[in-house]
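**Q** below are the sequence and a predicted model for it; my questions follow.
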Amino acid sequence: MSPLNFGVSLQQRWPLDDAPAAFRAARHAEDLGFDHVAAGQRLLEGGYDADIHLSDPLVMLSALAAATTRIRLLTSVLVMPYYPPTLLASQAATLDFVSGGRLILGVGTGWMPADFDAVGVSLRERGSRTDDHLGAVKALWTQRPANFDGRFTTLRDAQLGMPLVTPGGPPVWVGGHSDTALRRALRFGDAWYVSAVDADELTGMRRRLREAAADTGDADRVTITSIQFLSPLGFPGEVPSERRPLGGRKPTAASIVDDLGRLAEAGLTVCTLWLPSAEGAVEKAMDWVATEVMPQLT
């Protein structure tokens with residue numbers, strides 16, 4: 001069993017009169033030995049996330065980059081169709097620069113109709129736009145000059161103004177569970193980023209990955225990473241998921257370690273934890289994870 005690297009989502013309801021609370025949480029995660037912090041994306045309030053602040057991930061992670069020195073910075077996930085690809089390629093390259101090469105670009109197609117309406121992008125085109133934009137971004141990161149012909153984007157002798165710190169650009173984690181997301185990860189990604197899977201599901205996904213990459217051998221290049229929901233007993237805040245959280249609905253340290261151990265045996269090497277979102281709970285929950293869980297799996 002390979003060691004597990006843990007990250008933590010910082011998609012919390014931070015006090016509006018205490019913005020440095022997010023910086024303190026990121027530094028605390030770094031001090032505890034977490035691999036990365038994550039920031040998600042929604043534009044308009046609604047649904048399960050009414051109790052969290054829907055900050056922009058690139059802006060939030062840029063601020064957290066200045067507050068930390070080692071910990072990696074993950075967008076979990078950035079909705080690819082919202083962004084013109086040249087703009088996103090430049091923004092991501094800039095964040096990679098100011099963070100010293102610590103950015104991980106987690107991307108997805110998005111799903112909220114209201115958000116798509118608000119930015120004037122067709123929800124029905126989200127998959128094809130994601131593929132187009134990823135292709136254009138990758139071209140800008142790997143070619144000087146870049147040429148690209150896509151359904152929505154054309155580049156001719158384009159040279160990105162922001163040089164890259166990370167050769168080839170920041171690592172890309174492609175979110176989603178479908179076969180389309182799998183193929184997208186094989187084509188554009190460094191990892192396939194899935195949500196709240198158990199060990200049996202992960203084993204099936206690894207099989208699907210090997211089968212889809214049988215002709216190219218890319219299965220060994222693309223890893224599977226996962227976000228998992230965890231709400232230790234005694235900590236305020238509900239897990240915003242219909243799926244079974246780590247350790248079950250009444251988790252103990254032993255049941256959580258057992259679930260994570262099974263995931264590691266199935267091939268998981270990086271796990272992002274969504275911890276309780278109640279104000280003031282996330283740092284204490286990180287302490288608990290770092291004391292009761294991580295030493296047994298890292």
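**A** Done, it's in.
**Q** which residues touch residue 88?
**A** 78, 80, 133, 137 (Cβ atoms under 8 Å, 6 or more residues apart in numbering). The way it works is simple: take the backbone N, C-alpha and C, and place the C-beta from them, glycine included.
**Q** oh sorry, the question was meant for residue 118
**A** 43, 44.
**Q** try 10 Å
**A** Applying Cβ atoms under 10 Å, 6 or more residues apart in numbering, we find residue 118 in contact with 43, 44, 82, 112.
**Q** and the gap between it and residue 226?
**A** 29 Å (Cβ to Cβ, to the nearest Å).
**Q** surely residue 20 is in contact with residue 14?
**A** Yes: at 9.1 Å, residue 20 counts as touching residue 14 under the criterion of Cβ atoms under 10 Å.
**Q** more crowded one of the two?
**A** residue 14 (21 against 12; other Cβ atoms under 10 Å).
**Q** doesn't that one fall inside a helix?
**A** No: looking at residue 14 with DSSP: H, G, I helix; E, B strand; the rest coil, it is coil, so not inside a helix.
**Q** is it true that it touches residue 64?
**A** No: using Cβ under 10 Å, residue 14 is not in contact with residue 64, being 11.7 Å away.
**Q** residue 148 bridge partners, please.
**A** Taking DSSP bridges as the rule, residue 148 bridges to residue 155.
**Q** list the contacts for it?
**A** By Cβ under 10 Å, 6+ apart, the residues touching residue 148 are 85-86, 132, 135-140, 154-156, 158.
**Q** so how do I select the buried members of the contacts of residue 118 in ChimeraX?
**A** Applying 16 or more other Cβ atoms under 10 Å to the contacts of residue 118, the buried members can be selected in ChimeraX as follows:
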select :43,82,112
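**Q** can I get the contacts of residue 118 in JSON lines with secondary structure?
**A** As requested, the contacts of residue 118 are exported to JSON lines (three-state DSSP):
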{"residue": "43", "secondary structure": "coil"}
{"residue": "44", "secondary structure": "coil"}
{"residue": "82", "secondary structure": "helix"}
{"residue": "112", "secondary structure": "coil"}
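**Q** confirm residue 94 sits in a helix?
**A** Yes: applying three-state DSSP, one finds residue 94 inside a helix.
**Q** number of nearby residues for it?
**A** Neighbours of residue 94 (other Cβ under 10 Å): 16.
**Q** wait, it sits on residue 59?
**A** No: if you go by Cβ under 10 Å, residue 94 and residue 59 don't touch, sitting 11.5 Å apart.
**Q** before we move on, the earlier item: name the residues contacting each of residue 14 and residue 64.
**A** Common neighbours of residue 14 and residue 64 (Cβ under 10 Å, 6+ apart) are 22, 23, 25.
**Q** before we move on, back to that, reformat the contacts of residue 88 as CSV; add pLDDT, neighbour count and secondary structure.
**A** Formatted as CSV, the contacts of residue 88 follow (pLDDT from 0 to 100; neighbours: other Cβ atoms under 10 Å; DSSP: H, G, I helix; E, B strand; the rest coil):
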residue, pLDDT, neighbour count, secondary structure
78, 98, 24, strand
80, 98, 27, helix
133, 98, 24, helix
137, 98, 30, helix
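**Q** pipe the residues you listed into TSV and attach distance to residue 217 per row.
**A** Output for the contacts of residue 88, formatted as TSV (distance: Cβ to Cβ, whole Å):
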residue	distance to residue 217
78	28
80	26
133	26
137	24
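**Q** closest to residue 184 out of the residues you listed?
**A** Of all those, residue 80 has the smallest distance to residue 184: 9.7 Å, by Cβ to Cβ.
**Q** helix or strand for the spatially closest residue to the closest one that is not a sequence neighbour, which one?
**A** In space, and not counting its chain neighbours, residue 80 is closest to residue 130: 4.3 Å by Cβ to Cβ, 6 or more residues apart in numbering. Per DSSP states H and E: residue 130 is located in helix 126-142.
**Q** flag every buried residue along that helix.
**A** Those would be 126-127, 129-141, for helix 126-142 by 16+ other Cβ under 10 Å.
**Q** same thing with stretch 71-90?
**A** 71-83, 85-86, 88-90.
**Q** and the next helix or strand past the helix or strand where residue 105 lies?
**A** Per DSSP H and E, residue 105 falls inside strand 103-108. Using DSSP H and E, the helix or strand that follows strand 103-108 towards the C-terminus is helix 113-119.
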